[in-house]
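# My questions concern the predicted model and sequence given below.
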Amino acid sequence: NAGVTQTPKFQVLKTGQSMTLQCAQDMNHEYMSWYRQDPGMGLRLIHYSVGAGITDQGEVPNGYNVSRSTTEDFPLRLLSAAPSQTSVYFCASSYSGKGTSYNEQFFGPGTRLTVL
Amino acid sequence: DAKTTQPNSMESNEEEPVHLPCNHSTISGTDYIHWYRQLPSQGPEYVIHGLTSNVNNRMASLAIAEDRKSSTLILHRATLRDAAVYYCILGKFSSGSARQLTFGSGTQLTVLP
C-alpha cells in the first residue's frame, strides 16, 4: 500500500491564484481530513469527510473548498490564495469503523505552500 | 474543549528511557488520551492511546494517572530516530474512529548520541 499520498510536495502561488491540492489513499478509509500547520504550531483541521459525497467544516475552513466524489480522493481547493494561507498542508485518513475498535489517523507527507 | 499542557522541549540520551508528561486537568469522562508524533518534515504518526488503564504497544507505553488529570508517554529506550515533536491530544472516541484531533504545540524531544 502507498498509504496517503499528496501532490504536489511544494507549490508557490501568487496572491489571487487558485489551485487544488491532491490527496489520495489506497486503504479504503471512509474518513479523510485536511489540516494546516503554520510554523512552530500544531495542526488545525480545515475540512473533513466521513465518506463519499459527505463533507463538513473543521476549525479553519474559510478560503478552502473540498469535495469527495470517491472513497480514494479528497482534493482541497484554494479559491483565491492569500499570503495567510502560506502553510504546510497535511491530508489524513482513517477507518470510520463501527464498534469499539480504535482507528488511528494516517497522515500524508504534506504539501508546502507559499503564497506571495 | 479540554486542553493539554506539555513542556515545550525535552532532551534525552540515546538508549535511555524518556518520560514525556502531559497535563489535562479538565479532561472529561469520555475523552481518550491520544499521542502522535511528528518527525522532521513528515506528517504526524500515531503512537498510542488510552482511556483509564495503562497501555503498552510496540512503540511506547502510556501511563495514566488514577484521576486522569495527567498522563506520561514512556519511550523505553530512546533512539536518534525518536527525535520528534510529541503531541498529547484529548479526543472523543465516536463511532470507532479517533477523529477531529486538536493538536497543541507539543513537546520537541531531542535525543543526544
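Sure, I can see it. The structure displayed is predicted, hence computed values, not measured ones.

# alpha carbons only for contacts and neighbour counts from here, please
Fine.

# Test my guess that residue A:10 contacts residue A:111.
Yes: with contact defined as CA atoms under 8 Å, residue A:10 reaches residue A:111; the gap is 5.5 Å.

# Tell me where the model's unsure across chain A.
Low-confidence regions of chain A, defined by pLDDT under 70, span residues A:97-102.

# quick revisit: between residue A:10 and residue A:111, which is the more surrounded one?
For residue A:10 and residue A:111, the more surrounded residue by other CA atoms under 10 Å in any protein chain shown is residue A:111, and the numbers stand at 22 against 11.

# what's near enough to touch that one?
With contacts taken as CA atoms under 8 Å, 6 or more residues apart in numbering or on different chains, residue A:111 has the following neighbours: A:6, A:7, A:8, A:9, A:10, A:11, A:21, A:88, A:89, A:90.

# If we only consider those, which is nearest to chain B?
In terms of CA to the nearest CA, no member of those lies closer to chain B than residue A:90, at 6.7 Å.

# what ranges do the strands span in chain B?
Remark: strands of chain B, listed N- to C-terminal, are B:9-13, B:18-23, B:32-38, B:45-50, B:55-56, B:61-64, B:70-75, B:84-91, B:107-112; assignment by DSSP state E.

# May I see those strands organised as JSON lines, with mean pLDDT added?
Below are these laid out as JSON lines (pLDDT from 0 to 100):
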{"stretch": "strand B:9-13", "mean pLDDT": "97"}
{"stretch": "strand B:18-23", "mean pLDDT": "97"}
{"stretch": "strand B:32-38", "mean pLDDT": "93"}
{"stretch": "strand B:45-50", "mean pLDDT": "93"}
{"stretch": "strand B:55-56", "mean pLDDT": "94"}
{"stretch": "strand B:61-64", "mean pLDDT": "97"}
{"stretch": "strand B:70-75", "mean pLDDT": "97"}
{"stretch": "strand B:84-91", "mean pLDDT": "93"}
{"stretch": "strand B:107-112", "mean pLDDT": "97"}
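
# Alright, that wraps it up for me.
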